[in-house]
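Undergrad: model the structure of this input:
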Amino acid sequence: MEKVLSYKCPACDAPLSYDGKAERMHCEYCDSTFEIEGVKAYNEGFGKTECKDIPTEIDTPTDVHGEWTDEETESIGIFTCPSCGGELMFDENTVASSCPYCGNPAMAKHRLEGKLKPAFVLPFKVTKDEAKAALVKFTKKKLLLPKNYLTENKLDSIKGIYIPFWLYSGKADANAQYSAQRVFTTRTSKYDIIRTDYFRLEREGAFDFANLAVDGASDMNDALMDSLEPFDFSKAEEFSAAYLAGYMANKYDLTSDDCLHRASGRVKTSADGLLRSTVNGYTSVVRTSGNMHLHDVDAKYVLLPAWLLVTRYKDKKYTFAMNGQTGKFIGELPVSRKRFWGFTALFTLGISAVLYILYVLMVMGGVM
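TA: All right, here's what the predicted structure looks like:
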């Protein structure tokens, strides 16, 4: 049977959240703070708050609502909130969330045990208020934004979530072949003599790579997740469920083998760039062939922090993400076509004016 876990305040028994700034557990009700180990000891002793779950069997509903399928009952976990007794529903990949009725943090701890237990976690350092402020700053002074975007844009949701990542480390052997040209021009009183030399170049090298992060959640935008990097892995902490208190967290649904092709693609791009950087002194260079072999590869399952912000403007959603450790902010903003073409016209007029002035000066200079 599944169980849900939350951490209680030793002072007032209210739910605790992890405070990344203070690196301690914090109670929003009595404003007390505690070391993680102390809270774990309290909750594992007489203050233990693991609660009984309710059976996953569901009574047959009325015809209006239909019936749960076997697939649905297997993929959805049903729990009771340890604070208010409300019913919580986790999908098959959720390991931490909060009660929609009282806001109490809750974790399906068993989903992070055994083979699913992360190697480590990077705790949040950026607060929710800082994430909101970053969104405001991100939208300021963007000349191509629609005129009424700042007043009509609404923040739909903001979630602090630990995202499952695979960290790949290993070695790569790569080679590449290039076709290159070197062009020489000699001028005489009558002719320009052009000589072109052709070369076939070969490069090869061995590379090490470490902590290459690829998200293991199929419902996450891969480009958005890749843009969150870099993370400072020197700040990693041994995994403890206490770090998840007050945040959402998902387990991976893409295995390390599923994500390996994305990792190898990024290694190949880096290897190609390093090999190409050794080819210098040519007029033109074209890569004609090459290959790469990865070996001694291992993958670690980790949880990395991110703030996901969803805004709505004119019935369209815009998703932004912030690195929960470093504060790096990324996202896509709407563009006003009217402003775009307006600035394009101004730019074109400006270039035309400069060219006209240069022309007049040249003509006047010639006359003089």
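
Undergrad: helix, strand or coil for residue 258?
TA: For residue 258, the assignment made with DSSP: H, G, I helix; E, B strand; the rest coil gives helix.

Undergrad: gap between it and residue 217?
TA: Distance from residue 258 to residue 217, counting by CB to CB, to the nearest Å: 11 Å. (C-beta placed from N, C-alpha, C; glycine too.)

Undergrad: comparing the two, which residue is more hemmed in?
TA: Neighbour count, other CB atoms under 10 Å: between residue 258 and residue 217, residue 217 has more, with 18 against 14.

Undergrad: now do the contacts for the more buried one.
TA: For residue 217, the contact set (CB atoms under 8 Å, 6 or more residues apart in numbering) comprises 93, 163-164, 225, 250, 252-254.

Undergrad: from the residues you listed, list the buried ones, please.
TA: For the contacts of residue 217, a burial check counting by 16 or more other CB atoms under 10 Å picks out 93, 163-164, 225, 250, 252, 254.

Undergrad: those: which two are farthest apart?
TA: 93 and 225 (15.1 Å; CB to CB).

Undergrad: now, which of the buried ones among the contacts of residue 217 lie within strands?
TA: Mapping these onto strands (DSSP state E) picks out 163-164, 250.

Undergrad: ok, these vs residue 325, which is closest?
TA: Residue 325 has its nearest neighbour among these in residue 163, at 11.8 Å by CB to CB.

Undergrad: remind me which residues of the stretch 51-200 of the chain are low pLDDT?
TA: Within the stretch 51-200 of the chain, the ranges that satisfy pLDDT under 70 run 51-115, 141-146, 148-153.

Undergrad: any idea how far residue 298 is from residue 168?
TA: 7 Å.

Undergrad: revised request: answer the last question for residue 43.
TA: From residue 43 across to residue 298, the span is 34 Å (CB to CB).

Undergrad: of those two, who's got more company?
TA: More neighbours surround residue 43 than the other of residue 43 and residue 298, with 21 against 9 (other CB under 10 Å).

Undergrad: what pLDDT does the model give the nearest residue to the more buried one once chain neighbours are set aside?
TA: Excluding its sequence neighbours, the residue lying closest to residue 43 (CB to CB, 6 or more residues apart in numbering) is residue 7, at 5.4 Å. Residue 7 is assigned a predicted lDDT (pLDDT) of 74.

Undergrad: now stretch 237-256: average pLDDT?
TA: pLDDT averaged over stretch 237-256 gives 86.

Undergrad: export that stretch to PDB, keeping only CA atoms.
TA: What follows is stretch 237-256, C-alpha atoms only, in PDB (Å, rounded to 0.1, in the frame of the first residue of the first chain):
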ATOM      1  CA  GLU A 237      23.600  17.200  -1.400                       C
ATOM      2  CA  GLU A 238      23.000  13.600  -0.500                       C
ATOM      3  CA  PHE A 239      19.400  12.900  -1.300                       C
ATOM      4  CA  SER A 240      16.800  13.400   1.500                       C
ATOM      5  CA  ALA A 241      13.100  13.700   1.100                       C
ATOM      6  CA  ALA A 242      13.200  16.800   3.400                       C
ATOM      7  CA  TYR A 243      14.600  18.900   0.500                       C
ATOM      8  CA  LEU A 244      11.400  18.200  -1.400                       C
ATOM      9  CA  ALA A 245       9.100  19.700   1.300                       C
ATOM     10  CA  GLY A 246       7.200  22.600  -0.100                       C
ATOM     11  CA  TYR A 247       8.000  21.800  -3.800                       C
ATOM     12  CA  MET A 248       6.700  19.500  -6.500                       C
ATOM     13  CA  ALA A 249       8.900  16.700  -7.700                       C
ATOM     14  CA  ASN A 250       8.600  14.000 -10.400                       C
ATOM     15  CA  LYS A 251      10.400  10.800 -11.000                       C
ATOM     16  CA  TYR A 252      11.800  10.000 -14.400                       C
ATOM     17  CA  ASP A 253       9.700   8.200 -17.000                       C
ATOM     18  CA  LEU A 254      12.500   8.100 -19.600                       C
ATOM     19  CA  THR A 255      15.300   5.700 -18.800                       C
ATOM     20  CA  SER A 256      19.000   6.500 -19.200                       C
END
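
Undergrad: got the buried residues for it?
TA: Residues of stretch 237-256 classed as buried by neighbour count (16+ other CB under 10 Å): 239-252, 254, 256.

Undergrad: for the residues you listed, work out which two are farthest apart.
TA: Farthest pair in these (CB to CB) is 246 and 256. Separation: 28.5 Å.

Undergrad: check which helix or strand residue 190 maps to.
TA: Using DSSP states H and E, residue 190 sits within no helix or strand.

Undergrad: list the contacts of residue 211.
TA: Residue 211 neighbours (CB under 8 Å, 6+ apart): 167-169, 233.

Undergrad: of the contacts of residue 217, which is the nearest to residue 307?
TA: Closest to residue 307 out of the contacts of residue 217 is residue 163 (10.7 Å), distances taken as CB to CB.

Undergrad: contacts only, for the closest one.
TA: Neighbour list for residue 163: 215, 217, 220, 225, 250, 303-306 [criterion: CB under 8 Å, 6+ apart].

Undergrad: returning to that earlier point: can I have the buried ones of the contacts of residue 211 as a PyMOL selection?
TA: Only the buried entries of the contacts of residue 211 go into this PyMOL selection, using 16+ other CB under 10 Å:
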select buried, resi 167+168+233
